[in-house]
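1. give the three-dimensional model of this entry:
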Amino acid sequence: VNETAVNVALSIDYFALTNIDIFEGTTEVFLGIDMGWKDERLAWDPKEHGGCAFTNYKASTDPELTNIWVPSLDLANRFDSLQNLPAAEGTVLFDGTVIWRRFGSIKGICLFDGLERFPYDELACPFYFENSQTFTLYNFDYPEEVVHFFELEAGERKYQEFTVVPEHTRIKKKDQRLDIVFCFKRSSNFYTTKLIVPTILFTILTFGSFLLDQRVGERLGFGVSILLVIVAQAILTSDTLPVTRERLWINVLTQGSQYFSILVVVESVFVAYLRYGKTEGSDENEKETKTKSRNSSSIETEGNIEESESFLDDQNGNSNSVGGKNKWGPDSSNDKEGSLLSNKTAPQQITGTTEKSGDRDSYNDKEVSLLSKVKQIQWTAEKIRSLDRWCFVLFLCSYLLFIIVLFAVLNIVD
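-> Predicted coordinates:
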């Protein structure tokens, strides 16, 4: 402390928050700045001046506009200088004590702290009051309560997004500098009712797709429609969200909800594939089985007829012959030989057909993929409904756990 310097009493009166611009990174507050010091050059004897105890002089930080000396006080992180405050006269007492009080809006540049908890955040913005002169000629003298919050006396301002939190305000006093960190709490009801609650309800509503039968054609469209609503809501509210490198709490909620909705749509597509893709494949296999059985039955029928004719010829050969000739005529021997040949070739045809069928089955086995393995499972309607029920319970419990963890982290950080 410089003992030869002038001691300047400094106190701040907080009245209201004018504006917070997160995108611009500025905060504007309406303050009253009280300063008092003693200048013996301005002292006089009241008896010699008709009992006058005080008078007013023009006071300003601009040398051309002031009639008395005033301390040079300004913001280190200023967006607008304190010199732009409205002019105010200084009151000088007979003993040389000067009281100078000014009112106005002060705008400072802020690196907001706590923005990641949006919209349940408390933004901290520091204001650094310091001596703007290069050579210091005075020291700041602070009272016990350097900042007074008069907004609390008038009541909380209702139609405003932010309100100050006096108990969280931090003050650091130095000889040539006063650091005040104001904390402002956001009114989160607007974001809760317009963004958070609808997003949670729409996401839970998306899980209703699991309760719809796959035969209902609107099931897939229902899930996609709800997903589009969530995306559209996020787009419409994006203008109210700050852009920052930090991961915002609200972005984690909306993006997580979108991912859950996308998984619901993917499950609906998968179930549709299992139902209709499996049905088409089973129909083709059934047709192929019927064709094979029809061919094999026709071959067996022809073989049985030929064997029956050959058996009758062998049993009735003598009784049907007259004079060394067959009863049925001279060409009966040729028919008998033809039937014998057909009996010999029929087993060969059956064997050849079986070998071709076996080759085709082995070729199909080589092309078995993951999806075909899934299709080989007997996905009946009851199994598909059971899968939907399990997915409904799993997705609902997982999403509720996700919401609980988010709010728990929010309270822990708080």
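
2. tell me how many other residues surround the residue nearest to Ala87 when sequence neighbours are not counted.
-> Distance criterion C-beta to C-beta, 6 or more residues apart in numbering; nearest residue to Ala87, sequence neighbours excluded, is Ser60 at 6.0 Å. For every residue, glycine as well, the C-beta is placed using N, CA and C. By the measure other C-beta atoms under 10 Å, the count of residues near Ser60 is 19.

3. over to Lys58?
-> By other C-beta under 10 Å, 12 other residues sit near Lys58.

4. in contact with it, which residues?
-> Leu65, Thr66, Asn67, Ile68, Ala87, Glu89, Gly90 (C-beta atoms under 8 Å, 6 or more residues apart in numbering).

5. looking at these, which one is closest to Ala53?
-> Using C-beta to C-beta, Gly90 comes nearest to Ala53 of the contacts of Lys58, at 15.2 Å.

6. that closest one - that's part of a helix, no?
-> No: counting by DSSP: H, G, I helix; E, B strand; the rest coil, Gly90 is located in no helix; its state is strand.

7. show me where this protein has strands.
-> With DSSP state E as the criterion, the chain has strands at 6-21, 26-38, 54-59, 73-75, 88-93, 97-109, 122-131, 138-141, 147-149, 162-164, 170-173, 177-186, 321-322, 325-326.

8. low-confidence regions, the stretch 1-150 of the chain specifically.
-> Along the stretch 1-150 of the chain, segments meeting pLDDT under 70 span 1-4, 134-137.

9. same thing but at 80, please
-> Along the stretch 1-150 of the chain, the parts satisfying pLDDT under 80 run over 1-5, 113-114, 132-139.

10. list the contacts of the residue nearest to Ile33 when sequence neighbours are not counted.
-> In this structure, Ile33 finds its nearest non-sequential neighbour in Arg102, 5.1 Å apart by C-beta to C-beta, 6+ apart. Residues in contact with Arg102 (C-beta under 8 Å, 6+ apart) are Gly32, Ile33, Leu82, Leu85, Pro86, Ala88.

11. next: Arg186.
-> Arg186 neighbours (C-beta under 8 Å, 6+ apart): Phe118, Pro119, Tyr120, Asp121, Glu122, Leu123, Glu161, Phe162.

12. likewise for Glu161?
-> Neighbour list for Glu161: Ile20, Arg186, Ser187, Phe190 [criterion: C-beta under 8 Å, 6+ apart].

13. now with 10 Å, please.
-> If a contact means C-beta atoms under 10 Å, 6 or more residues apart in numbering, then Glu161 has Leu17, Asn19, Ile20, Pro119, Phe184, Lys185, Arg186, Ser187, Ser188, Phe190, Tyr191, Thr240 as its contacts.

14. for Gln214, state which of the residues you listed is nearest.
-> Within the contacts of Glu161, proximity to Gln214 (C-beta to C-beta) peaks at Tyr191, which comes in at 37.5 Å.

15. could you check how far that closest one is from Ile230?
-> Distance, Tyr191 to Ile230, by C-beta to C-beta, to the nearest Å: 16 Å.

16. repeat for Leu195
-> 11 Å.

17. between these two, which contacts overlap?
-> Thr254.

18. go ahead and confirm Ser132 touches Ser72.
-> Yes: contact criterion C-beta atoms under 10 Å: Ser132 and Ser72 qualify, at 4.6 Å.

19. which residues do these two both contact?
-> Shared contacts of Ser132 and Ser72, counting by C-beta under 10 Å, 6+ apart, come down to Thr61, Leu82, Gln83.

20. tell me how many other residues crowd the first one.
-> The criterion is other C-beta under 10 Å. On that basis, Thr61 has 17 neighbouring residues.

21. gap between it and Ser105?
-> Applying C-beta to C-beta to Thr61 and Ser105 gives a distance of 17 Å.

22. ok, now the last one?
-> Computed with C-beta to C-beta, the distance linking Gln83 and Ser105 is 13 Å.

23. ok, these two, which is more surrounded?
-> Neighbour comparison, Gln83 and Ser105: the larger count goes to Ser105, with 17 against 14 (by other C-beta under 10 Å).

24. so what's the more buried one up against?
-> Contacts of Ser105 (C-beta under 10 Å, 6+ apart): 15-19, 28-31, 80, 84-86.

25. drop anything exposed from those residues.
-> Neighbour-count burial (16 or more other C-beta atoms under 10 Å) applied to the contacts of Ser105 gives Phe15, Ala16, Leu17, Glu28, Val29, Leu31, Leu85.

26. ok, and the closest non-adjacent residue to the second one?
-> Okay, so that is Ala16. Closest residue to Ala16 apart from its sequence neighbours, by C-beta to C-beta, 6+ apart: Phe30 at 4.7 Å.

27. name whatever forms a beta bridge with that neighbour.
-> Ala16, Ser105 (DSSP bridges).

28. what's the answer for the one 5 residues further on, then?
-> With DSSP bridges applied, Met35 shows beta-bridge pairing to Leu10, Trp100.

29. wait, it sits on Ser11?
-> Yes: assessed by C-beta under 10 Å, Met35 is found in contact with Ser11 at 8.2 Å.

30. overlap in contacts of these two?
-> Common contact partners of Met35 and Ser11 (C-beta under 10 Å, 6+ apart): Arg101.
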